[in-house]
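Peer 1: Here is a sequence with its predicted model. Questions after.
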Amino acid sequence: MMPRSAEVYRFLRPVLQRSNVKSSYTRYFSAHVTLASKKLVKESPTGDYEKRVAQLQANASLQDCWPRLPQRLDVARISVNDLRKSSAFLDNGASKLDDKFVVSGRVRSVRTAGSKLVFVDIEQDDHVAQAICNFSHLDKNGVPREQFNAFKRVVRRGDWYTFIGHPHKAQGGEESILATELPQLMSPSLHQIPAQLDDAETRARRPHVDMLVHRQAVQTLRIRSAIERGISTFFDKQGYSKVSTPLLTAGAGGAVARPFETVATEMQDTTLNLRIAPELWLKRLVVGGLGKVYEIGPAFRNEGVDATHNPEFTICESYMPFADLEHLMKMTEDLLSGLHEQLRELGEEHFKHLSDTAINFDAGSTHLFQGPFPRLPFISTIEKEMGKKLPNLGDDNAAQQVLDLFTEMSIQVPAKPTLPRLLDALAGHYIEPLCTYPTFITEHPAVMSPLSKSYTCPTTSQLISARAELFIRGSEYANMYEEENSPFAQREKFVEQLKYREVDGEGDGRAEVDESYLEALEWGLPPTGGWGMGIDRLVMLFTGQKRIGDVLPFGTLRNVVGLAARQT
């Protein structure tokens, strides 16, 4: 079935793409839009689609409602924000007649004062200015009264308009543009923007409408952009090379998780995976001599959807030769402190619609991410909080011994209780609640970190990894470790990783040791510090959002699939 949007708008092609439009095309397009409006009126979120189309048709030809951008060489085009700056220094009631500009924006509100005066608030990139349309001024420039009246009838909230005129400051102090020509409709809204949109289903089905109603959604995405830009700037200044590694691969690699599978037309006999992480690719680049590298991009895990997890997510990973764990933790502290300061400098207007649980950005909040952060050693902290010693985690029956502790301490046993899962559950029960403020969890058992270097802990005599995780408010935000660079030790750890995948039920008989990566290690990976951070969770932290779907432009996988399904 053809998508509804394609069915309707394929008839736009002769109208939009040809300079000489045949009248038959125009008549057919107008008739088809009228028919489409009758078919779709029941689906209109506000019920006024048909009325709005009829209103536009009564005023002008429909194709004239979506014109090309006017080419004006005699006036400069400026943004709403620049208009505000140009008008700010004027006295109330004064105009700058020497300047004439073109400014465009979405109509936020319309007010009339008598029959000859219309005030239109326009918005662009969260900046608002006022357009004053006074027929007494327009009449002097040859604007017919009937055209002015038609503008008054048609203009409404949600429309996109272009105004030409002088910078002006209204008597009330509003930065404005005093129109000298009839405002031009650039794109009408065929639906009335609702004042409220509280229904979760409607918000998920029409995310673009949700953004128009709830400015929090727009500000969240702007802050997300600033965060990604800040992270890139941080690594760029330190001499890292930004790279893009494959999303499709013959092996998931880089983490223990269930991958998505697909098949390429050119290789029907090969099962491909969407990458779980870019880790193994990036380390190959280090082996090849590229030096410090980082990547910000998507990763995929074929697992559940909840408040903090989505099968598709954005991750930043970096790798630096001859960086140890201490360097990585200091780097994390510097990055977060710098991000907090950069966001604070954006200004209060970027955060006024955010949740009360958002990170504080006032002048007294600079201490929130000042290092050094506290550190909690994994095994020692669990033993202290539990009041019992963990068994030797290298024993063959270590999993059963740890499972017995769950029973003894009345702790809920995780599904598929392998040793790594049991240890992770203990951390969630005893350590993570202690991490309200930025805190590093260190010295993880080696069995939990198959890609990191291992050594014997001098305090507990357990085999642990050179690894640290950053937790804030009880959630993980960053993971870092000294990379295993011995091809022999890495092979053993890959084999152990596969064993746990089979026990978890995630093995399918096709999972194998990544021989290609091991071969790359044989060429010499220098001692390397690896670091990763989830971008989505970081945006949740800074914006105070409680669900990962609220920091993604189109929500979680459920929202995306539901949105696509309703277009057919």
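Peer 2: All right, it came through fine.

Peer 1: starting at the chain centroid, how far to stretch 414-434?
Peer 2: Distance of stretch 414-434 from its chain centroid, counting by Cα atoms, centre = their mean, to the nearest Å, is 29 Å.

Peer 1: what is the mean pLDDT for that stretch?
Peer 2: Averaging pLDDT along stretch 414-434 gives 95.

Peer 1: buried stuff in it?
Peer 2: Neighbour counts using 16 or more other Cβ atoms under 10 Å place 417-427, 429-432 of stretch 414-434 among the buried residues. Using the backbone N, CA and C atoms, a C-beta is placed for each residue, glycine as well.

Peer 1: and these, which of them are in helices?
Peer 2: Leu419, Pro420, Arg421, Leu422, Leu423, Asp424, Ala425, Leu426, Ala427, His429, Tyr430 (DSSP state H).

Peer 1: Relative to Glu432, how far out is the residue lying closest to the last one once chain neighbours are set aside?
Peer 2: Here the nearest residue to Tyr430 in space, its sequence neighbours aside, is Glu385; by Cβ to Cβ, 6 or more residues apart in numbering that works out to 4.1 Å. Separation of Glu385 from Glu432 (Cβ to Cβ, to the nearest Å): 11 Å.

Peer 1: Ok, Leu538 next?
Peer 2: 17 Å.

Peer 1: again with Pro321
Peer 2: Taken as Cβ to Cβ, the span from Pro321 to Glu432 is 32 Å.

Peer 1: Same question for Ile78.
Peer 2: For Ile78 relative to Glu432 (Cβ to Cβ), the value is 50 Å.

Peer 1: Test my guess that Gly549 contacts Asn310.
Peer 2: Yes. Contact status for Gly549 versus Asn310: in contact at 7.1 Å, counting by Cβ atoms under 8 Å.

Peer 1: lowest-confidence helix or strand of the protein?
Peer 2: Across the helices and strands of the chain, mean pLDDT, DSSP states H and E gives its lowest value to helix 13-17, namely a mean of 37.

Peer 1: picking up where we left off before, check the contact lists of Gly549 and Asn310 and give me the overlap.
Peer 2: Thr556 (Cβ atoms under 8 Å, 6 or more residues apart in numbering).

Peer 1: who has more neighbours, these two?
Peer 2: Neighbour tally, Gly549 and Asn310, criterion other Cβ atoms under 10 Å: the higher count belongs to Asn310, 25 against 20.

Peer 1: What sits closest to that one if chain neighbours are left out?
Peer 2: Here the residue nearest Asn310, using Cβ to Cβ, 6+ apart, is Thr556, at 4.7 Å.

Peer 1: Tell me how many other residues crowd the one you found.
Peer 2: When neighbours are counted by other Cβ under 10 Å, Thr556 comes out with 22.

Peer 1: Could you measure from it over to Ala520?
Peer 2: Applying Cβ to Cβ to Thr556 and Ala520 gives a distance of 35 Å.

Peer 1: same deal with Pro311?
Peer 2: Pro311 sits 28 Å away from Ala520 when distances are taken as Cβ to Cβ.

Peer 1: swap in Ala564?
Peer 2: Ala564 is 38 Å from Ala520, by Cβ to Cβ.

Peer 1: So for the two, which sits in the more crowded spot?
Peer 2: Neighbour tally, Ala564 and Ala520, criterion other Cβ under 10 Å: the higher count belongs to Ala520, 20 against 11.

Peer 1: in terms of contact, does Cys457 touch Glu383 like I think?
Peer 2: No. Between Cys457 and Glu383 there is no contact, the gap being 11.9 Å when judged by Cβ under 8 Å.

Peer 1: Helix, strand or coil: sort out His367 for me.
Peer 2: helix (DSSP: H, G, I helix; E, B strand; the rest coil).

Peer 1: Just want the phi and psi numbers for Gly165.
Peer 2: Main-chain torsions, Gly165, degrees, to the nearest 10: phi 170, psi -160.

Peer 1: ok, it - contacts?
Peer 2: Each residue near Gly165 by Cβ under 8 Å, 6+ apart is listed here: Lys100, Phe101, Ala131, Ile132, Ile177, Leu178, Ala179, Thr180, Glu181.

Peer 1: what about 6 Å?
Peer 2: Ile177, Leu178, Ala179, Thr180 (Cβ atoms under 6 Å, 6 or more residues apart in numbering).

Peer 1: Sounds good, over and out.
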